[in-house]
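*Asks:* coordinates only, no sequence provided:
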Ligand code: MG
């Protein structure tokens, strides 16, 4: 078994859609980034890559690459889940925290879990919690949101390369 952790933050910007956990959430501004700026999906991607020893999101999806401009982060997550599988692991579970003063996250958790399901992480393997930052710091001032994720990977013996990745 291997564990991983991931963190991401993005700032709010007018004229952008707000996408978190693959769900478009009605809000007066969205998050700024090269891709769709889905901080939650990005934190999960980094947790998975870290656990599998496959680097980080900046290495796999460089923000200098026009292919990832406005990219759908759930599709990026789906390819990372596939990379993890090819490395010999399956995702046992992920657990996440989204820290945002607004919007409220709880009403969107089920839709987010369904989006992660489309990326190959089963519904029952996903935990998502929303937290405010009690009006403190950049999150408290509504300048942006942050997300944290941990994951557990388990070695599979029927991996495409025929064996779990060494150490
Ligand atoms: Mg990001």
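*Replies:* Okay, I see it. No experiment lies behind these values; they were computed from the predicted model shown. Numbering: from 1, shown residues only.
*Asks:* what does the chain have sitting close to the ion?
*Replies:* Taking Cβ under 5 Å from the ion as the criterion, the neighbours of the ion within the chain are 8, 42. In short, each C-beta sits where N, CA and C put it, glycine included.
*Asks:* model confidence for the residue of the chain found nearest the ion, exactly?
*Replies:* Relative to the ion, the nearest point of the chain is residue 42 (3.6 Å; Cβ to the ion). Residue 42 carries a pLDDT value of 98.
*Asks:* tell me if residue 74 really is in a helix.
*Replies:* Yes: assessed with DSSP: H, G, I helix; E, B strand; the rest coil, residue 74 lies in a helix.
*Asks:* tell me, what residue is most central in this protein?
*Replies:* residue 41 (1.9 Å; Cα atoms, centre = their mean).
*Asks:* touching, residue 128 and residue 44? I think so.
*Replies:* No: look at residue 128 against residue 44 with Cβ atoms under 8 Å: they stay out of range, at 9.6 Å.
*Asks:* mind listing the residues bridging to the closest residue to residue 42 other than its chain neighbours?
*Replies:* For residue 42, ignoring the flanking residues on the chain, the nearest one in space by Cβ to Cβ, 6 or more residues apart in numbering is residue 8 at 4.0 Å. Residue 8 has these beta-bridge partners by DSSP bridges: residue 147.
*Asks:* now do the one 4 residues further on
*Replies:* Following DSSP bridges, residue 12 is listed with bridge partners residue 31.
*Asks:* so what's the residue count around it?
*Replies:* 20 (other Cβ atoms under 10 Å).
*Asks:* what's near enough to touch it?
*Replies:* 29, 30, 31, 32, 142, 143, 144, 145 (Cβ atoms under 8 Å, 6 or more residues apart in numbering).
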